[in-house]
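Novice: Curious how this folds, go ahead:
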Amino acid sequence: MASRTHAINWFEIPVSDFDRAKRFYETILASSMQERQVNTARMAFFQFDVKEEGRGGAIVYDPEFYTPSDNGTLIYLNCNPDLQKVIDRVIGAGGSIIQPSTPVAVTQDWGSWALIRDTEGNRIALHAAK
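Specialist: Sure thing, here's the model as predicted:
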């Protein structure tokens, strides 16, 4: 079996209002998301760099398969280079801040994280290395 260098290969965030959720993530991350229908699912994809071995994901509307949740799996979105700029856009985009920017570890320089609730009720973590 080949060596695994990444814990994540792909992620999907369930949404109940696709257009609202897409606007939310495009606003807070200040980037566009390409949209596509995949079988029964309507999806919009987060930008990532395949050449640099980036890992991607999408928001997904498929009510027969997904339900947004506030207490399920927690993912961390990359907010480099400036976590605070992303946090500052959350409320205006319709989300809420659960935990403001906080150092990952006081004794280590692992950056900072914050916890938000998106427009669909999902709990999402934000992280930046600096």
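Novice: And what about the residue nearest the centre of the chain, helix, strand or coil?
Specialist: Nearest residue to the geometric centre of the chain (Cα atoms, centre = their mean): L77, 4.3 Å. When classified by DSSP: H, G, I helix; E, B strand; the rest coil, L77 comes out as strand.
Novice: The one 10 residues further on too?
Specialist: Three-state secondary structure (criterion: three-state DSSP) places I87 in helix.
Novice: helices or strands up against the top strand by length along the chain?
Specialist: As assigned by DSSP state E, the longest strand anywhere in the chain is strand 96-103. Using 3 or more Cβ pairs under 8 Å, 6 or more residues apart in numbering; DSSP states H and E, the elements in contact with strand 96-103 are helix 83-90, strand 112-117. Quick note: C-beta positions are derived from backbone N, CA and C, even for glycine.
Novice: Identify each buried residue in it, please.
Specialist: Buried residues in strand 96-103, defined by neighbour count with 16 or more other Cβ atoms under 10 Å: S101.
Novice: Residue for residue, what is the longest helix the protein has?
Specialist: As assigned by DSSP state H, the longest helix anywhere in the chain is helix 18-29.
Novice: Quick one: mean pLDDT over it.
Specialist: Confidence over helix 18-29 (mean pLDDT, whole number) is 98.
Novice: Between helix 83-90 and that helix, find me the angle.
Specialist: For helix 18-29 against helix 83-90, the angle by axes from the mean of the first three to the mean of the last three Cα atoms, to 10 degrees is 150 degrees.
Novice: and helix 18-29, what does it pack onto?
Specialist: Under the contact rule (3+ Cβ pairs under 8 Å, 6+ apart), helix 18-29 is packed against strand 41-45, strand 56-61, helix 83-90.
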